[in-house]
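1. I'd like to go over a predicted model; first the sequence, then the structure.
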Amino acid sequence: MYKIEPLIYIGQNILEQCLPYVQGRQVCVVTQKEIPDLMLQKLKNLFSSKTLNIVYIPEGETAKSWATVEYLMDQFVAAKFNRECTVVALGGGVVGDVAGFAASIYLRGVNFIQMPTTLLAQVDASVGGKTAINHAQGKNLIGTFYQATSVIIDIDSLQTLAQRDYIAGLAEVVKIACVRDADFFAWLEQHVETILVRESGTVMQMIHQAVKLKAQIVKADEKEQGERMLLNFGHTVAHAIETASAYDCLHGEAVAMGMVQALALSQEHGLSVQAVQRIIALLQGFGLPTQLPENGWQKHMAHDKKHRDSGLNRVLLAGLGQGMIHLEALASEE
């Protein structure tokens, strides 16, 4: 088992690591019907001495809505949860985002634990304290910064994950390597086959390195005022693609395409052709898409939350492992 101070645990069959972080006697597990019964049974056993509520939210990105948050508020109030209750998010990034947002606003904030069950959530969405729901005009436009008291990454959950979802999660792994660690990028190139077959030792090492890199960035810039913006590499275009596709395109798939789009602009600022070729080859080696869709995603760029008065912050690469922030001027409306 790996532990990244002070709150992230990575390993196999480690759900019990959450127990020291559970406050009070009231626990609400927010999850979805697709979560394996075995994991839910483990939590029922772990929380047998607590007052436990299990609340199911709809599946898919459309669950990140005010309607879902209102439903959770109704459940919390009906159960008479007090400020010492603990909300546990058991699921993928959607569950973590919605449950985290609800925990951050209920009684002005209650205890929150992340138990991510998808690769994408384990390496990205569960780490860093971002919560969000979507708006009709764009993804993640409504949210808070709210840190979980612990993040329990049990890789056993990946064994039942659909291959498309697993591969989509690899985009976020490639992303963090691109902006932060050239050696990790080279390690990924060398381990494509064992990663794809989900060899447990390799997967655990991969997740540990990706999470460690993200945690370092978040610690230095929790509220995304500077360095943390590097984690948005590929995301400006990705969120527009997702919105335009009505979320038929998975987040990781959109991020892969968004990274490719950002590489073209990166080349204009000095990124080598060799680096571009290596990144595209790794994405393709993992089975991720590298051709942008023709679904009208461009019009959704105007609602990206990375806009500033002076322009749009775009994350580019100066080199492998060297992310940089480029302020792109907004087009004149005249």
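-> Happy to help now that I have it.
2. C-alpha from now on. contacts and neighbour counts both.
-> Fine.
3. just the buried positions in the helix or strand encompassing Met324, please.
-> Assigned by DSSP states H and E, Met324 belongs to strand 322-328. Neighbour counts over strand 322-328 (16 or more other CA atoms under 10 Å) mark 322-326 as buried.
4. ok, stretch 281-290 next?
-> Residues 282-283, 286-290 are the ones in stretch 281-290 that count as buried (16+ other CA under 10 Å).
5. tabulate those residues (a markdown table), appending pLDDT, distance to Leu161 and secondary structure.
-> Below are the buried residues of stretch 281-290 laid out as a markdown table (pLDDT from 0 to 100; distance: CA to CA, whole Å; DSSP: H, G, I helix; E, B strand; the rest coil):
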| residue | pLDDT | distance to Leu161 | secondary structure |
| --- | --- | --- | --- |
| Leu282 | 98 | 21 | helix |
| Leu283 | 98 | 20 | helix |
| Phe286 | 98 | 16 | coil |
| Gly287 | 98 | 16 | coil |
| Leu288 | 98 | 16 | coil |
| Pro289 | 96 | 19 | coil |
| Thr290 | 96 | 23 | coil |
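6. put together TSV for these, with distance to Gly96 on each row.
-> Listed next are the buried residues of stretch 281-290 as TSV, based on distance: CA to CA, whole Å:
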residue	distance to Gly96
Leu282	28
Leu283	26
Phe286	25
Gly287	26
Leu288	24
Pro289	25
Thr290	27
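7. contact partners for the residue nearest to Asp221 when sequence neighbours are not counted?
-> Counting by CA to CA, 6 or more residues apart in numbering, Asp221 lies nearest to Arg228, which is 5.6 Å off, once chain neighbours are set aside. Contacts here follow CA atoms under 8 Å, 6 or more residues apart in numbering; on that basis Arg228 touches 217-218, 220-222.
8. could you pull up the contacting residues of Arg198?
-> Shown here is Arg198, whose contacts under the criterion CA under 8 Å, 6+ apart are Gln159.
9. hang on, it in a helix?
-> No: with DSSP: H, G, I helix; E, B strand; the rest coil as the criterion, Arg198 is assigned coil and is not in a helix.
10. and it, how close does it get to Gln159?
-> Arg198 sits 8 Å away from Gln159 when distances are taken as CA to CA, to the nearest Å.
11. next one: Asn45
-> Here the distance between Asn45 and Gln159 works out to 21 Å (CA to CA).
12. neighbour count winner among the two?
-> Residue environment comparison for Asn45 versus Gln159 gives the larger neighbour count to Gln159, 15 against 11, counting by other CA atoms under 10 Å.
13. now do that one, the pLDDT please.
-> Predicted confidence (pLDDT) at Gln159: the value is 91.
14. where does it land in three-state SS?
-> Assigned with three-state DSSP, Gln159 falls in the helix class.
15. mind listing the strands for the protein?
-> When assigned using DSSP state E, the strands of the chain occupy the ranges 2-4, 8-11, 26-31, 51-56, 86-91, 111-116, 130-135, 138-145, 150-154, 307-308, 311-319, 322-328.
16. mind putting these into CSV with mean pLDDT and distance to Phe233?
-> Compiled in CSV, these are given as follows (pLDDT from 0 to 100; distance: least, CA to CA, whole Å):
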stretch, mean pLDDT, distance to Phe233
strand 2-4, 91, 23
strand 8-11, 96, 23
strand 26-31, 97, 29
strand 51-56, 96, 32
strand 86-91, 97, 24
strand 111-116, 97, 22
strand 130-135, 93, 16
strand 138-145, 91, 16
strand 150-154, 97, 23
strand 307-308, 48, 14
strand 311-319, 86, 5
strand 322-328, 86, 8
